[in-house]
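[1] Next come a sequence and a model predicted from it.
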Amino acid sequence: MRLRHIEIFQAIRQTGSISAAAQLLHVSQPAVTKVLQHAELQLGFALFLRVRGKLQPTPEALALESEVEKVTTSLQGVRRLANSLRREPGQSIRIGAIPTLALSLLPPSILEWKRDYPDMACELSSDHSRELVQKLLMREIDLALTLNFSGHPGLTTQVLANGVLVALASKGYWPDAERHQPLPLAELAGAPLIGLSSADPLAAKLGSYLENIDPPPRVTISVQTYSLARAMVESGAGLTVIDPFTALGASTATTQIRTLTPPLPITLYALTRANEPPPHMLAKLLEIFGNRACKLLDRL
């Protein structure tokens, strides 16, 4: 099948008719019919049968569909990359951050940076670490902020700040006499925890830290984002161990924060594409990110 065949095939599958597919693609109905007939002639079998006035895919068409979807996804990636390459350099900057940093660190840092670059367009987005790496490689963003070390050979990694994981608990979980003291890891033995999804890099790191505790903490509630873990604690659900940026955004009226002993380190990274000069205004922005991150961590 040629690319035009695939485009027509997808349009008919989405709309269910030749006329609607033509409208979707902004071409004439005879043009769609001609391309469909050509595709079926090349394949040697029918792709659609008319059933009660609608086009229904044949078994052969359904068998092709998953592979056709892969080609379509790849084409969309090519279009996104082409759009990114067409963007005029030096006129804008696109920044992606994991959700916890997008909520805590990104807004005030961007506001400070915009004082020096008021005319610079800035596009902000939030995603998980794996998706941020992919977007950088596809040139959909210029900078990623993450707590996960990538190690990808196509990316340059810069350390902006170093901190520690913290325990966040509902108000009253610890006696007032203890809440300003570091929490010994041994006290987490057998404790019920609000845990992060096992697919999250921070969850894997935390698991390696806690694996020597006997008995290990029990994850009674599992969540996919750090902010959701914080929200569960704020609602009175108990205890979690999360990054300090998320924890410091919690309400002091409903939560308590304690550092851990021995400390469990965590690092804030900035990722950019390797072997490519970054935009000139990026150095100042990274300096602001680092300074603000350190000020937040000093509050602990």
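    Alright, I've got the coordinates. If you're wondering where the values come from, they're calculated on a predicted model, not measured in any experiment.
[2] Please count neighbours and contacts with C-alpha atoms only from this point.
    Will do.
[3] wait, residue 259 sits on residue 163?
    No - assessed by Cα atoms under 8 Å, residue 259 is found out of contact with residue 163, at 10.3 Å.
[4] Now do the same for the residue lying closest to residue 142 once chain neighbours are set aside: its pLDDT.
    Leaving aside its chain neighbours, residue 142 sits nearest to residue 94 (5.2 Å; criterion: Cα to Cα, 6 or more residues apart in numbering). Per-residue confidence (pLDDT) for residue 94: 91.
[5] What does the pLDDT read for residue 280?
    73.
[6] now the one 4 residues further on
    Reported pLDDT at residue 284 in the predicted model: 90.
[7] So which elements touch the one helix or strand it maps to?
    For residue 284, the host element (DSSP states H and E) is helix 282-298. Packed against helix 282-298, as judged by 3 or more Cα pairs under 8 Å, 6 or more residues apart in numbering; DSSP states H and E, are the following elements: helix 106-116, strand 155-164, helix 244-247.
[8] Run through who's touching stretch 266-276.
    Residues outside stretch 266-276 that contact it (Cα atoms under 8 Å, 6 or more residues apart in numbering): 136-137, 142-149, 153-165, 243, 278, 286.
[9] Need the buried ones from those selected in PyMOL.
    Restricted to buried positions by 16 or more other Cα atoms under 10 Å, the PyMOL selection for the contacts of stretch 266-276 reads:
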select buried, resi 136+137+142+143+144+145+146+147+148+149+155+156+157+160+161+163+164+165+243+286
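[10] quick one, the helix or strand harbouring the residue nearest to residue 142 and helix 106-116 angle?
    Using DSSP H and E, residue 94 sits within strand 92-97. Relative orientation of strand 92-97 versus helix 106-116 (axes from the mean of the first three to the mean of the last three Cα atoms, to 10 degrees): 160 degrees.
[11] Show me what counts as buried in strand 92-97.
    Across strand 92-97, burial judged by 16+ other Cα under 10 Å covers 93-97.
[12] ditto for stretch 21-30
    21-22, 29.
[13] Closest one of these to residue 171?
    residue 21 (58.5 Å; Cα to Cα).
[14] Quick check: the closest one is in a helix.
    Yes - Residue 21 forms part of a helix when assessed by DSSP: H, G, I helix; E, B strand; the rest coil.
[15] For it, give me its contacts.
    8, 11-12, 14-15, 29, 32.
[16] Residue 223 versus that one, what's the distance?
    Here residue 21 is placed at a distance of 41 Å from residue 223 (Cα to Cα, to the nearest Å).
[17] Now do the strand or helix carrying residue 13, average pLDDT.
    Assigned by DSSP H and E, residue 13 falls within helix 3-15. The average of the pLDDT scores along helix 3-15 is 86.
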